[in-house]
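>>> Everything below, folded, please.
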Amino acid sequence: MASTFGQLFRITTWGESHGGGVGVVVDGCPPRLRLTEADIQPDLDRRRPGQSKIVSPRRESDTVQILSGTFGGRTLGTPICLWVKNEDARPEAYAEMKTKFRPSHADFTYFAKYGVRNWQGGGRASARETVGRVAAGAIAKKILRESHGVEVLACVKQVQRLIARVNPDRVKLKDIESNIVRCPDQAAAEKMIRLIEKMRRTGDTVGGIVEGIARGVPAGWGEPVFDKLEADLAKAMLSLPASKAFEIGSGFSGITLTGREHNDPFRAKQGQVFTTTNFSGGIQGGISNGQTIFFRVAFKPVATVMHEQDTVDVQFHNTTLKGRGRHDPCVLPRAVPMVEAMTALVLVDHAFRHKAQCG
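This next block holds a predicted model:
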């Protein structure tokens, strides 16, 4: 089922960008976990539009409601249904898209596959679908934090050619959240914000890289051969809207090193095994090795630009189209909680699978 993700901890998202609302069903959450809307809302606040001058001005409170799966503030072990109402949909802004395909959007491909499409905001292809992911991810993060001591973070590493300095072992949430672009390098953040503001003024967009981090993951999580931990992380990240590339550890830059330079030597201290370097990004052979897991996800420039572009209409006649409506000039600030959510969903699923297999 295309809208379902995970095996033992499984989520199914539902809803469209301009429908009545969006949400998620979480199946496989253990019973007796303390859970209320207050555990979920902070991450949705970090994802919502309208939160700063460099994101979409769409006004959504994204207030979450738990419809099932809890009683007396604790989970029951039954499916948890979470719902967020759409409050500021403006389908009239998309009227021209009823008969024209937006360049580099999912309009044409959805039509080619299904023969029908929701042209109001892109329907399921809209980033609004990620509300359900982030809500479910908040539950996954709570389980990881309280049951396994795992911390999941993400931050903006790069905007176009502006690159931040980030230490995956030391970066803190308060530094990430200290500015509206969610970059812990304050000097780089100021430049990034100015660039994104410039893009907004000129009716253009810009892309970049979000770095995902998981600290405290014990050795042993992962399912070789086809469900390697990094393979599942890659699938999770590339399922996010606007994502175009994934690399972990040394990534593509590792090809510039020799084997001797790239290997992570093992050492032991007081019965604990560790590596003196971490080019592997915390995963070897598809299984976590106990070191910090870190990876990077590239997000393309937002496809909607406020300039006239060539396209075709539903009759496949050549025409032009100019972007309208409310859109992000850069997805990165709001992509940070999305990357965190998908990371947590992968890790908690593998934590459960490891326990089921190894005890």
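
>>> Could I get the full set of strands for the stretch 51-200 of the chain?
64-68, 70-71, 74-75, 80-85, 151-159, 162-163 (DSSP state E, counting those that start in this stretch).

>>> Which among the ones you listed is found nearest to residue 351?
strand 151-159 (12.0 Å; C-beta to C-beta). For every residue, glycine as well, the C-beta is placed using N, CA and C.

>>> What average pLDDT does the closest one get?
Averaging pLDDT along strand 151-159 yields 98.

>>> Sheet-wise, list the partners of it with their directions.
Next to strand 151-159 in the sheet, as set by DSSP bridges, lie strand 162-163 (antiparallel), strand 208-215 (antiparallel).

>>> Rebuild those as JSON lines, extending it with mean neighbour count.
Formatted as JSON lines, those follow (neighbours: other C-beta atoms under 10 Å):
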{"stretch": "strand 162-163", "mean neighbour count": "18"}
{"stretch": "strand 208-215", "mean neighbour count": "24"}
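
>>> Take the strands of the stretch 51-200 of the chain and write them to a markdown table, including distance to residue 320.
Output for these, formatted as a markdown table (distance: least, C-beta to C-beta, whole Å):
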| stretch | distance to residue 320 |
| --- | --- |
| strand 64-68 | 40 |
| strand 70-71 | 51 |
| strand 74-75 | 52 |
| strand 80-85 | 35 |
| strand 151-159 | 29 |
| strand 162-163 | 32 |
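
>>> re the thing from before, closest to residue 96 out of the strands paired with strand 151-159?
Using C-beta to C-beta, the nearest of the strands paired with strand 151-159 to residue 96 is strand 208-215, at 29.1 Å.

>>> For the closest one, C-alpha coordinates in CSV please.
Taking C-alpha atoms only, strand 208-215 is exported to CSV below (Å, rounded to 0.1, in the frame of the first residue of the first chain):
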residue,chain,number,x,y,z
GLY,A,208,19.9,22.8,-0.2
ILE,A,209,20.8,20.0,2.2
VAL,A,210,19.4,18.9,5.6
GLU,A,211,21.6,16.7,7.8
GLY,A,212,20.0,14.0,9.9
ILE,A,213,21.5,12.8,13.1
ALA,A,214,20.8,9.9,15.5
ARG,A,215,22.8,9.7,18.7
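
>>> Compute the first-to-last residue distance for stretch 99-108.
11 Å (C-alpha to C-alpha, to the nearest Å).

>>> what does stretch 157-173 give?
14 Å.

>>> buried residues in that stretch?
Buried residues in stretch 157-173, defined by neighbour count with 16 or more other C-beta atoms under 10 Å: 157, 158, 159, 162, 164, 166, 168, 171.

>>> Would you mind saying which of the strands of the stretch 51-200 of the chain lies nearest residue 119?
strand 80-85 (21.6 Å).

>>> on that earlier part again, for residue 338, which of the strands of the stretch 51-200 of the chain is the nearest?
strand 151-159 (8.2 Å).
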